[in-house]
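In: this is a predicted model, with the sequence first.
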Amino acid sequence: MSETATSNASQVPAVEGWFTLDQNPHLIGSQCPSCETYVFPPRESACPNPACDSDELKPTPFSRFGTVWSYAENRYAPPLPYRAAEPFEPYALVAVQLEKEGIIVLGQAPKGILATDLKVGMRMQLETDVLYREDDVDYMIYVWAPAVQDEVVGGAK
Amino acid sequence: MSETATSNASQVPAVEGWFTLDQNPHLIGSQCPSCETYVFPPRESACPNPACDSDELKPTPFSRFGTVWSYAENRYAPPLPYRAAEPFEPYALVAVQLEKEGIIVLGQAPKGILATDLKVGMRMQLETDVLYREDDVDYMIYVWAPAVQDEVVGGAK
Amino acid sequence: MSDRDLVVLGVGMHPWGKWGRDFTEYGMVAARAALKDAGIEWKDVQYVAGADTIRNGYPGFIAGATFAQKMGWTGARVSSSYAACASGAMSLQTARASILAGFCDVAMVIGADTTPKGFFAPVGGGDRKNDPDWLRFHLLGATNPVYFALFARRRMDLYGATAEDFAQVKVKNSLHGLNNPNARFRKESAIEDVLNSPVVSDPLRLLDICATSDGAAAMIVTSRAFAEKHLGSLKGVPRIKAVSTSTPTYPQTILELPDFATDSSAVVMPPARGFKDSICWDAYEEAGVGPEDLSMAEVYDLSTALELDWYEHLGLCAPGEAEGLLRSGATTIGGRIPVNPSGGLSCFGEAIPAQAIAQVCELVWQLRGQAGDRQIENAKLGITANQGLFGHGSSVIVGI
Amino acid sequence: MSDRDLVVLGVGMHPWGKWGRDFTEYGMVAARAALKDAGIEWKDVQYVAGADTIRNGYPGFIAGATFAQKMGWTGARVSSSYAACASGAMSLQTARASILAGFCDVAMVIGADTTPKGFFAPVGGGDRKNDPDWLRFHLLGATNPVYFALFARRRMDLYGATAEDFAQVKVKNSLHGLNNPNARFRKESAIEDVLNSPVVSDPLRLLDICATSDGAAAMIVTSRAFAEKHLGSLKGVPRIKAVSTSTPTYPQTILELPDFATDSSAVVMPPARGFKDSICWDAYEEAGVGPEDLSMAEVYDLSTALELDWYEHLGLCAPGEAEGLLRSGATTIGGRIPVNPSGGLSCFGEAIPAQAIAQVCELVWQLRGQAGDRQIENAKLGITANQGLFGHGSSVIVGI
Ligand SMILES: [Zn+2]
Ligand SMILES: [Zn+2]
């Protein structure tokens, strides 16, 4: 994890209810109590399975580990409403496939993990990192980091 | 005319090319050189007569006098991008029918001319007034005032 | 019935209000209600015709796909239509053409909106000097109620209409919508209530002008063949007999939202039938009926005075006689030709992409005899009329 | 020809570029060019199907009415369709349904755009936490090129595609569009030019990614009966044989713009045919043809790598073999199945509501033998393919 994430600033999620901020963070998706399909981002109603007319979805923790479906690396600062740091540092985005949930979820990689550190099929784990800081509050976002159990990239460099 | 319009602030039109700012102001419309129909607001291309495929329209002065088609009076400040004065003063809007051009044009009435001063069929003439002031510049707009030749409302009150 | 009639198999709404939730949630409620009413399942829907709104970010613009995704992708074709206040009718016509062209048999028509408070203002910031809608706010402060007021004032100066006449429209519609479960305002209004409300854009007062609301409406429309198979008999089942989505013919000589000026009649003679007349009469002609055949009308009472204009455009009375028709009680439920039995925009407020669909929903409930204490006896044929910005308008005729 | 074929009587464009003028001006030029090409007058047009853009204020949302008013109100019916990059094809399908349903015989399909500089970003300000498109920018900085890059990277890691392969797409398309009078970029590109351009979203470089452009395209489409009366013989006249505007089937298991996540395949099996395959194959099935019958294809090369994906979705080759097909020269003019003879988005840049129409225009010129030095010999049948946000995509098949 980057050093800003461990500073004294208070941490709040940049989006409410999508992930946990504990030591072993995981995504919070939704699951249909009727047909059991999964949804991300989480929502309270409208099961997306067209064969199911359940109107209630329940929050459910998602697997913390998955494999890389694909990845990209932003070399230029995205436009607003992204709050890019100045000076801008390139960062990677990773789409990770979760086996149990049968879902691919897009997220940033932690600061410093770039495209050269990634490969389709690589094992990843969910962490959190600072998205931006405002008024001494760190707005946190989930990130996909190379799995620590895996030695593929020699740990987070 | 209101007193602000005669102050020392420099005057520029709030919209380019729709009216003149001289002593006897008039609207500038467009006319089709081919079928001779009129257009307001003015534009350079695309004759609106569906039977005419002329792609050129020429600027042309519109009649300064017309008759009231209808009118309204704003009692609340319109939202942005209207720049309402504070405190807000009610003002009238007048739709005036120009006989030669066969067109009805909507405009504000000068400050102080309200709905009670107006009547469908009344004779009106084009004037200009301050729409808003910014950085000591008066942004001017055309207004429909009761015609001075007419004694219906006893002149601009 | 004509082979070109479309069958309305189901209708549904989310109640109008200011709920402050995402517009797709309202749409889902309306969609599920319409499916249930139709007795079909979501996977039976082959085409989703969404009515667009100009707010709500992208999803507002892509209503068809947005609802199809939220209900669960089935591969159904989608469309998203924008026609201002007529968006819902435009969507219906898109679904209708798709069915009559043989591309599908079962379509959902759906619209939903979440509205901000206060005056409608142009979407998006910045100087947009090419955008007539931006300019009318910037240069004139010509809000929507200003245009409504221009029409109201003409009735007063030309026909002798009074503030009391306008208030009487509100009184009538409040009474109609008093127990409508989907209406937002369910409260009797007295003439004095209207006259005591503040003037917004003279001569119109707050209670003369419709509010902006959150709401959603959906319909399931099908081919005749599908409906016959599904229902057995079509006796008493409401059918779409006409959808007009007319545009003006040059020169358009009435000043309409959001224009600064009319077209010129100096060179080209105005058409025999004005724009708002043509919206209604194109529908009559398509359905092969006339105003004398109607049991009811749902019209777009953006203001009380505009309801009176519609009486004349619809041919319920001659120009200048709408106040008399109103005073006679003919347009009240129980009268000869009830107008806005639902309570109209007066009781609903306007949820733009849903509104033209909601008008049709009311006709359907009336024709089926399901309108509760606002039921019009022996309702056989109804018409809707509405008008939006930029030359849009619609009229839908539904009969049994 | 099939009774359900639509005849393309005329096509027209305004050249792509960054002209900085109002989008309606471009549209007028394209409309008048299409009318002239069709040999009909504006007043003959009974239906104007506009393709919406999400910019440009209201008028962008009401393209049909905007153009009808600017050409001069004739009472023609209008529609305005939004389907992201597929808006133009959605408009075509709307016009097609209207003609095949017997509502009209002659329709104009039109789209035009004026674009800002730089990355596309969400329209409108404020926090829009219910809007997935706003959130992907805010939470991830996931611009459009990020998604393009995900697809490019998969080709590299799974199939061994190289940056040189991607660059070769640019080289080919630059050559195709070199003398296309409507193209914006008319300049040869060498492999090194692409490789020396800066990386925007790794692995894609500036010259791998299409620009945003101003532009306009219009078509006049008619019923067979009208065209026969107008032209006498329809021999050699291009006809629309299929329009697919397919949506996904749950679960959609490929991560697409602007989503954070795919659907789940944990409970429901993915459909046998993925979304982008189905866009193409639905069109083949409607037209009763297959990839082996094609003379050419116009595909949506938002990035060079995405053009390669389309080869596979279109069935021009098996998955993983697109680089080989490209290298073989088969997709270059003169090869077995030229792709993007117009020069594609690579030479045009993207003018969203016009783009799917422009793709069809190119097929029409090729089928008529009017494509100048980019002419494909003996062109008989062509296909377009594109994809937009939110589950929109389209494929149009045109033949003589
Ligand atoms: Zn379910
Ligand atoms: Zn002309």
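Out: Received it, and whenever you're ready, just let me know what you need. Values in this document were obtained by computation on a predicted structure and should not be read as measured data. Ligands and ions are numbered 1, 2, ... in the order given.

In: skip ahead from the top strand by length along chain C and say which helix or strand is next.
Out: Longest strand in chain C by number of residues (criterion: DSSP state E): strand C:6-17. Next helix or strand after strand C:6-17 toward the C-terminus (DSSP states H and E): helix C:23-38.

In: angle of that next one against strand C:6-17?
Out: Helix C:23-38 runs at 140 degrees relative to strand C:6-17, counting by axes from the mean of the first three to the mean of the last three C-alpha atoms, to 10 degrees.

In: correct me, but C:A30 touches C:A217?
Out: Yes - using C-beta atoms under 8 Å, C:A30 makes contact with C:A217 at a distance of 5.5 Å. Yep, even glycine has a C-beta here, placed from its N, CA and C like the rest.

In: what touches both of those two?
Out: Shared contacts of C:A30 and C:A217 (C-beta atoms under 8 Å, 6 or more residues apart in numbering or on different chains): C:G12, C:M13, C:H14, C:I110, C:A112, C:A354.

In: what kind of secondary structure is the residue of the stretch 251-400 of chain C found nearest ligand 1 in?
Out: At 26.1 Å from ligand 1, C:A354 is the closest residue in the stretch 251-400 of chain C, using C-beta to the ion. At C:A354 the chain is in helix, as set by DSSP: H, G, I helix; E, B strand; the rest coil.

In: now stretch C:37-46: mean pLDDT?
Out: Averaging pLDDT along stretch C:37-46 yields 97.

In: just the C-alphas of stretch C:319-329, formatted as CSV.
Out: Output of stretch C:319-329 as CSV, limited to C-alpha atoms (Å, rounded to 0.1, in the frame of the first residue of the first chain):
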residue,chain,number,x,y,z
PRO,C,319,-62.5,29.2,-30.7
GLY,C,320,-63.4,31.5,-27.9
GLU,C,321,-66.1,29.2,-26.5
ALA,C,322,-63.9,27.1,-24.1
GLU,C,323,-64.8,29.1,-21.0
GLY,C,324,-68.5,28.6,-21.8
LEU,C,325,-67.9,24.9,-22.3
LEU,C,326,-66.1,24.7,-18.9
ARG,C,327,-68.8,26.7,-17.1
SER,C,328,-71.5,24.5,-18.5
GLY,C,329,-70.0,21.5,-16.7
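
In: does it come close to chain B?
Out: No - Stretch C:319-329 stays clear of chain B (C-beta under 8 Å from any C-beta of the partner chain), getting no nearer than 13.3 Å.

In: flag every buried residue along that stretch.
Out: With burial defined by 16 or more other C-beta atoms under 10 Å in any protein chain shown, the residues of stretch C:319-329 counted as buried are C:A322, C:E323, C:L325, C:L326.

In: so the first one touches C:Y311, yeah?
Out: Yes - the pair formed by C:A322 and C:Y311 meets the contact definition of C-beta under 8 Å, at 4.1 Å.

In: all helices for the stretch 301-400 of chain C, in order.
Out: Ranges of helices within the stretch 301-400 of chain C are C:304-313, C:322-327, C:344-348, C:352-368, based on DSSP state H, counting those that start in this stretch.

In: same for the shortest one, what does it pack against?
Out: Spelled out, it's helix C:344-348. If you count contacts as 3 or more C-beta pairs under 8 Å, 6 or more residues apart in numbering or on different chains; DSSP states H and E, helix C:344-348 packs onto helix C:163-176, helix C:352-368.

In: residues touching that helix, excluding its own?
Out: C:16, C:169-170, C:173-174, C:176-178, C:180, C:182-186, C:210, C:213, C:215, C:298-302, C:304, C:307, C:340, C:342, C:355, C:358.

In: wait, doesn't the residue of the stretch 251-400 of chain C closest to ligand 1 sit right on C:M219?
Out: No - C:A354 lies out of contact with C:M219 (C-beta under 8 Å); the separation is 10.8 Å.

In: show me where the stretch 151-300 of chain C has its helices.
Out: Assignment of helices within the stretch 151-300 of chain C using DSSP H, counting those that start in this stretch yields the ranges C:163-176, C:191-195, C:224-231, C:275-287.

In: is the shortest one positioned near chain B?
Out: It stands for helix C:191-195. No - Helix C:191-195 lies out of reach of chain B by C-beta under 8 Å from any C-beta, never closer than 14.8 Å.

In: cool, the last one as well?
Out: No - no part of helix C:275-287 sits near chain B under the criterion C-beta under 8 Å from any C-beta; the closest distance found is 13.8 Å.

In: flag every buried residue along that helix.
Out: C:F275, C:K276, C:D277, C:S278, C:I279, C:C280, C:W281, C:D282, C:A283, C:Y284, C:E286, C:A287.

In: now swap in the shortest one and tell me
Out: For helix C:191-195, burial by neighbour count (16+ other C-beta under 10 Å) applies to C:D193, C:V194.

In: CA atoms of that helix as CSV?
Out: Extracted in CSV, the C-alpha atoms of helix C:191-195 (Å, rounded to 0.1, in the frame of the first residue of the first chain):
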residue,chain,number,x,y,z
ILE,C,191,-61.6,29.3,-6.7
GLU,C,192,-60.3,31.5,-3.9
ASP,C,193,-57.3,29.1,-3.3
VAL,C,194,-56.2,29.7,-6.8
LEU,C,195,-56.9,33.5,-6.8
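
In: and it, what's its mean pLDDT?
Out: 98.

In: show me what it is packed up against.
Out: helix C:163-176.

In: excluding chain neighbours, what is closest to the closest residue to ligand 2 within chain C?
Out: Ranking the residues of chain C by distance to ligand 2 (C-beta to the ion) places C:V267 first, at 7.9 Å. Spatial nearest neighbour of C:V267, excluding adjacent residues (C-beta to C-beta, 6 or more residues apart in numbering or on different chains): B:T37 at 4.3 Å.

In: hmm, C:M269 and that neighbour touching each other?
Out: No - with contacts counted by C-beta under 8 Å, B:T37 stays clear of C:M269, the gap being 11.6 Å.

In: all strands for chain A, in order.
Out: Under DSSP E, chain A gives strands at A:10-13, A:28-31, A:38-39, A:58-61, A:65-74, A:91-98, A:103-108, A:123-134, A:137-146.

In: quick one: is the fourth one near ligand 1?
Out: No - Strand A:58-61 stays out of contact with ligand 1 when judged by C-beta under 5 Å from the ion, the minimum separation being 10.6 Å.

In: isn't C:A86 up against C:Q387?
Out: Yes - using C-beta under 8 Å, C:A86 is in contact with C:Q387, at 7.0 Å.

In: which residues touch the closest residue to chain C within chain A?
Out: Closest residue of chain A to chain C, C-beta to the nearest C-beta: A:P50 (3.2 Å). A:P50 makes contact with C:W42, C:K43, C:M71, C:G72, C:W73, C:T74, D:Y250, according to C-beta under 8 Å, 6+ apart.

In: now it: closest residue in space that isn't a chain neighbour?
Out: Using C-beta to C-beta, 6+ apart, the closest residue to A:P50 is C:G72 (3.2 Å).

In: could you check the pLDDT of the one you found?
Out: 95.

In: hmm, it is touching A:C47, no?
Out: Yes - under the criterion of C-beta under 8 Å, C:G72 makes contact with A:C47 at 7.0 Å.

In: the residue lying closest to A:S70 once chain neighbours are set aside: what's it in contact with?
Out: Leaving aside its sequence neighbours, A:S70 sits nearest to D:L150 (C-beta to C-beta, 6+ apart; 4.1 Å). D:L150 makes contact with A:W69, A:S70, A:Y71, A:A72, A:L93, A:A95, A:L106, D:L255, according to C-beta under 8 Å, 6+ apart.

In: count the neighbours of A:D135 for me.
Out: Neighbour count for A:D135, taken as other C-beta atoms under 10 Å in any protein chain shown: 6.
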